[in-house]
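# Take a look and give me a structure for this.
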Amino acid sequence: MAKKKETTQDASSEFIKAIEELAKEKEIDKETLFEAIESSLVMACKREFGKGEGADSKKSIENVRVDMNRQTGEFHVYMEKTVVAEVTDDSQEISEADAAEQFPESKLGDVVSIEVTPKNFGRIATQQAKQVVVQKIREEEKRIIQNQYETTEHSIITGVVQRYNNGAYTVNIGKIDALLTPQEQVEGEEFSVNERIRVYVKGVRETPKGVIRVIISRSDEGFVKHLFQNEVAEIQDGIVEIKSISREPGVRSKIAVTSYDPDVDAVGACVGMNGERVNAVVDELRGEKIDIVEWSEDPTIFIENALSPSKVVRVDIEENENERKAEVIVPDYQLSLAIGKEGLNAKLAARLTKYKIDIKSESQAY
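Here you go, the predicted model:
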């Protein structure tokens, strides 16, 4: 049996069907694709009609229009010309007599559309359109992904670990994969392929090559902040606020909180009944210790709180244009506790309060 020869109309119909399916699959407005195809074909026609036109070629091809039938996929090319008494530029104008034959109701000054569709233009146009659709889909997918993930900036999302390579984890976070680099990991944390993990979205960036990259982290201070936001209803309601965070990922964090309701204890709200709220955060951080302290606008009190669990005898503040310093006196038996192992407690307190802290024991100070 002879194979049925595909017609231009069959090809056009198939192309329309393909566009509609792609638009649905990729969640792209199909009209956006149609308009992009028409624009591309207009440029192609202008180049074609402009050949051999000399210095005035640009002027002579500005009046080209391409229409694509959204149901059949057929293409038609038109030149828009002005009806004039005497033609001086036949690429832009049509005589009143010629216009009367084709457009009986036309009059001087009217603009009429004259079809100039080249032979076999439908098949040529379909090939051109396929290239445009591929490019437009890439652009629209990129735009949709960028818009979607920009709404997740500075929040926590869940992803699935895909693989581990050269110290980095590839994590699928929905429509794309993101890279959890060694710099954004917590030392000692390890994940298995297909394991679901929570990550903090630091930002969404477009690379010089036009690729959308979602920057994810588990070591950022924002991860701790948003874990508490998710656990503590008072933070979500705006009653309690996290004013400052300092963190040594995987080891210890300090957070300073305040309450805008005198009946609500900020620290107690973050700790939760029997420590359930802070424990939920600690579990997610895989055992990282967390100190929750009361924030104060009085730096003396704030620094004293920040050095918790150490007791403080006195805090002397010294400020100038270049730096803010605090000399802190603690009981002799509390010195090592105030400084912390490898100086960590003092270091975190300094970051939390934005003061350079010098800790001395009472015997050293007096």
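# For Gln71, see how far away the closest residue to Val132 other than its chain neighbours is.
Nearest residue to Val132, sequence neighbours excluded (Cβ to Cβ, 6 or more residues apart in numbering): Ser40, at 4.3 Å. All C-beta spots, glycine's among them, are computed from the backbone N, C-alpha and C. From Ser40 over to Gln71 the distance is 20 Å, taken as Cβ to Cβ, to the nearest Å.
# circling back: check which helix or strand covers the residue nearest to Val132.
Following DSSP states H and E, the helix or strand that holds Ser40 is helix 30-49.
# do the same with Phe191
Short version, using DSSP H and E: Phe191 is in no helix or strand.
# now swap in Gln128 and tell me
helix 121-150.
# Show me how far the helix or strand following that helix is from its chain's centre.
Downstream of helix 121-150, the first helix or strand assigned by DSSP H and E is strand 156-165. On the basis of Cα atoms, centre = their mean, to the nearest Å, strand 156-165 sits 17 Å off its chain's mean C-alpha point.
# Ile242: how many residues sit nearby?
21 (other Cβ atoms under 10 Å).
# Which pLDDT value belongs to it?
We have a pLDDT of 98 for Ile242.
# any idea how far it lies from Ala326?
22 Å.
# Check Val42 too.
69 Å.
# do the same with Thr32
From Thr32 to Ala326 the distance is 59 Å (Cβ to Cβ).
# if you count what's nearby, which of the two comes out ahead?
Ala326 (24 against 14).
# which SS state does the more buried one fall under?
strand (DSSP: H, G, I helix; E, B strand; the rest coil).
# what sits against it?
Neighbouring residues of Ala326 by Cβ atoms under 8 Å, 6 or more residues apart in numbering: 299-300, 303, 315-318, 353, 355-358.
# Going through these, which ones are buried?
299, 303, 315, 353, 355, 357 (16 or more other Cβ atoms under 10 Å).
# Report all helices and strands that whichever strand or helix holds the second one contacts.
Translated: Ile303. Ile303 is part of helix 299-306, with elements assigned from DSSP H and E. Secondary-structure packing of helix 299-306 (3 or more Cβ pairs under 8 Å, 6 or more residues apart in numbering; DSSP states H and E): strand 252-259, strand 289-294, strand 314-319, strand 324-330, helix 344-353.
# shouldn't Lys81 be in contact with Val112?
Yes - the criterion here is Cβ atoms under 8 Å, and Lys81 meets it with Val112 at 6.0 Å.
# which of the two has more neighbours?
Each of Lys81 and Val112 has its neighbours counted (other Cβ under 10 Å); Lys81 has more, 22 against 17.
# if we can go back for a sec, what angle do the helix holding Ser40 and helix 121-150 make?
Going by axes from the mean of the first three to the mean of the last three Cα atoms, to 10 degrees, helix 30-49 is angled at 130 degrees with respect to helix 121-150.
# Show residues contacting helix 30-49.
19-20, 22-23, 60-62, 64-68, 70, 75, 77, 91, 116, 118, 125, 128-129, 131-133, 135-137, 140.
# Identify the residue nearest the residue positioned nearest the centre of the chain in space, chain neighbours excluded?
In the chain, the centroid-proximal residue (Cα atoms, centre = their mean) is Glu150; its distance is 3.0 Å. Excluding the flanking residues, the one nearest Glu150 by Cβ to Cβ, 6+ apart is Val204, at 5.0 Å.
# circling back: which parts of the helix holding Ser40 count as buried, going by neighbours?
For helix 30-49, by 16+ other Cβ under 10 Å, it's 30, 33-34, 36-38, 40-41, 44-46, 49.
# Can I get it in CSV? Just the C-alpha atoms.
Written as CSV, here are the backbone C-alpha positions of helix 30-49 (Å, rounded to 0.1, in the frame of the first residue of the first chain):
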residue,chain,number,x,y,z
LYS,A,30,0.7,29.2,24.2
GLU,A,31,-0.1,32.7,22.9
THR,A,32,3.4,33.7,24.1
LEU,A,33,4.8,31.0,21.8
PHE,A,34,2.6,32.0,18.8
GLU,A,35,3.7,35.7,19.2
ALA,A,36,7.4,34.7,19.4
ILE,A,37,7.0,32.6,16.2
GLU,A,38,5.3,35.5,14.3
SER,A,39,8.0,37.9,15.5
SER,A,40,10.8,35.6,14.3
LEU,A,41,9.1,35.1,10.9
VAL,A,42,8.7,38.8,10.5
MET,A,43,12.4,39.3,10.9
ALA,A,44,13.1,36.4,8.4
CYS,A,45,10.8,38.0,5.9
LYS,A,46,12.3,41.4,6.3
ARG,A,47,15.8,40.0,5.6
GLU,A,48,14.4,38.2,2.6
PHE,A,49,12.5,41.1,1.1
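# Show the average pLDDT along it.
Rounded mean pLDDT across helix 30-49 is 77.
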